[in-house]
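**Student:** What follows is a predicted structure for the sequence shown.
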Amino acid sequence: MIEYIGNTPLIELKHFSDLTGCKILGKAEFMNPGGSVKDRAAKYILQHALQHNHIKKGGTIVEGTAGNTGIGLALVGNYFGLKTTIVIPETQTEEKKATIRSCGAELIEVPAVPYKDPNNYVKYSQRVAEACDNPNGVLWANQFDNVANQEGHFADTGPEIYEQLAGDIDGFICACGTGGTLTGVAKYLKTKNNNIKIGLADPHGAALYSYFSTGKLESSGSSITEGIGQGRITKNLEGLDLDYPLRISDEDALQTMFTLVEKEGLYLGGSSGINVYAAVEMAKIMGPGHTIVTILCDSGSRYLSKLYNRNFLENNNLPCPEWL
């Protein structure tokens, strides 16, 4: 199955392209076998670990994740004959938790606390890995600071985008979870053409917009989005050459997510809403006639209980389409 991770199509988003006078395209990462862009990180991290004898068949993978990386690690781990233990913040959707269990992984739920807290899900997963005993090896995947993540996107995702457009690309923008996708793709595109502009789509409550705007890691507000929004410079973010840091509200992200369903026929998650809204904003900055690519991260089916739930949206004073 790992041969079918990647090589996803680029979909031209005609409604948003017409809106801006630019060509806006989304990389259809929801079409990966595990249903998200995180299948790539899982593949890169596990292949690297196996090649370097950090783990062998029968070993155990441990990781802290908001969900999609856990699904990818469980499935790719199954392919390689590895066991998987996932630590997840209890605030993530029940759909993601159920999917991780359905993929055969052990799931540990922990309270959602900031990274500085020793019981943050990432730090907790490291302790679980250290306490795990397996003669075939234990791998703490450490997607945030394991640069096999970024290197894989440099080797695969970036070249795919560039070749699919025959080099006719002016900008790339996406949100940041670990930083692997954004930095890996950005670094590759800059090696092909240093004039390609790179943007960051940051939700409220994250600190990267502030960092790339002012040099200070500061955050304010909060967001209902899952799996994106970073409060520190991870190893996978190091060396990122950024042109346009943008902060995107939940309201704008959700309206865009619903418009993707209505106008493009694409049923996607909240991070895709943030990414597409940011691509539109980047198109406005750059002006008509440019080609801008973003990431369509995962399916809306992982957010049925929240982002596509009228009760949840109305109780949180968020936009809700009449048809929902």
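**Tutor:** Arrived safely.
**Student:** Other residues contacting stretch 68-77?
**Tutor:** 1-2, 5, 32-43, 45-46, 61, 63, 65, 83-84, 86, 88, 96, 99-100, 103-105, 107, 141, 143, 227, 297-298, 302 (CB atoms under 8 Å, 6 or more residues apart in numbering). C-beta here means a position set from N, CA and C on the backbone, and glycine is covered the same way.
**Student:** If any of those are buried, put those into a ChimeraX selection.
**Tutor:** Of those, the buried ones go into a single ChimeraX selection, burial set by 16 or more other CB atoms under 10 Å:
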select :5,32,33,34,35,36,37,38,39,40,41,42,43,45,46,61,63,65,83,84,86,88,96,99,100,103,105,107,141,143,227,297,298,302
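**Student:** In helices, which of the contacts of stretch 68-77 fall?
**Tutor:** Residues of the contacts of stretch 68-77 located in helices (DSSP state H): 38-43, 45-46, 96, 99-100.
**Student:** Among those residues, which one lies nearest to L25?
**Tutor:** Nearest to L25 out of the ones in helices among the contacts of stretch 68-77 is R40 (CB to CB; 17.9 Å).
**Student:** Isn't that closest one up against P33?
**Tutor:** No - using CB atoms under 8 Å, R40 makes no contact with P33, being 10.8 Å away.
**Student:** which residues touch Y244?
**Tutor:** By CB under 8 Å, 6+ apart, the contact list for Y244 reads 173, 197-200, 282, 285.
**Student:** pLDDT score assigned to P114?
**Tutor:** Looking at P114, its pLDDT stands at 89.
**Student:** Surely it and K123 touch.
**Tutor:** No - taking contacts as CB under 8 Å, P114 lies outside contact range of K123: 10.6 Å.
**Student:** Now tell me what touches stretch 203-211 from outside.
**Tutor:** Residues contacting stretch 203-211 (CB under 8 Å, 6+ apart): 175-176, 200, 202, 216-223, 225, 228-233, 237, 245-250, 253, 274.
**Student:** still on that earlier bit, quick one, which of P114 and K123 is more surrounded?
**Tutor:** K123 (17 against 9; other CB atoms under 10 Å).
**Student:** What residues of whichever strand or helix holds that one count as buried?
**Tutor:** Element membership of K123, judged by DSSP states H and E, is helix 121-131. Buried residues in helix 121-131, counted by 16+ other CB under 10 Å: 121-126, 128-129.
**Student:** L50: which of those residues is nearest?
**Tutor:** Closest approach to L50 among the buried residues of helix 121-131 (CB to CB): A129, at 16.5 Å.
**Student:** So for P9, what's the nearest residue that isn't a sequence neighbour?
**Tutor:** A28 (5.0 Å; CB to CB, 6 or more residues apart in numbering).
**Student:** What backbone torsions are found at that neighbour?
**Tutor:** Phi and psi for A28, reported as degrees, to the nearest 10, are phi -80, psi 70.
**Student:** Near it, how many residues? Count them for me, please.
**Tutor:** Around A28 there are 18 residues (other CB under 10 Å).
**Student:** returning to what we had before: if you go by neighbour count, which of the contacts of stretch 203-211 are buried?
**Tutor:** By neighbour count, with 16+ other CB under 10 Å, the contacts of stretch 203-211 hold 175-176, 200, 202, 219, 223, 225, 228-231, 237, 245-248, 250, 253, 274 as buried.
**Student:** Run through the helices of this structure in chain order.
**Tutor:** Secondary structure of the chain, counting by DSSP H: helices at 14-20, 38-51, 68-80, 94-102, 121-131, 148-152, 158-164, 180-192, 208-214, 250-259, 270-286, 310-315.
**Student:** Could you dump those into JSON lines with mean pLDDT and distance to K57 added?
**Tutor:** Formatted as JSON lines, the helices of the chain follow (pLDDT from 0 to 100; distance: least, CB to CB, whole Å):
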{"stretch": "helix 14-20", "mean pLDDT": "98", "distance to K57": "45"}
{"stretch": "helix 38-51", "mean pLDDT": "97", "distance to K57": "8"}
{"stretch": "helix 68-80", "mean pLDDT": "98", "distance to K57": "7"}
{"stretch": "helix 94-102", "mean pLDDT": "96", "distance to K57": "21"}
{"stretch": "helix 121-131", "mean pLDDT": "97", "distance to K57": "18"}
{"stretch": "helix 148-152", "mean pLDDT": "97", "distance to K57": "19"}
{"stretch": "helix 158-164", "mean pLDDT": "98", "distance to K57": "29"}
{"stretch": "helix 180-192", "mean pLDDT": "98", "distance to K57": "25"}
{"stretch": "helix 208-214", "mean pLDDT": "97", "distance to K57": "38"}
{"stretch": "helix 250-259", "mean pLDDT": "98", "distance to K57": "40"}
{"stretch": "helix 270-286", "mean pLDDT": "98", "distance to K57": "33"}
{"stretch": "helix 310-315", "mean pLDDT": "97", "distance to K57": "42"}
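**Student:** At the geometric centre of the protein, which residue do we find?
**Tutor:** By CA atoms, centre = their mean, the chain has its centre lying nearest to G177, at 5.3 Å.
**Student:** I figured that residue hits T225, correct?
**Tutor:** No - look at G177 against T225 with CB under 8 Å: they stay out of range, at 9.9 Å.
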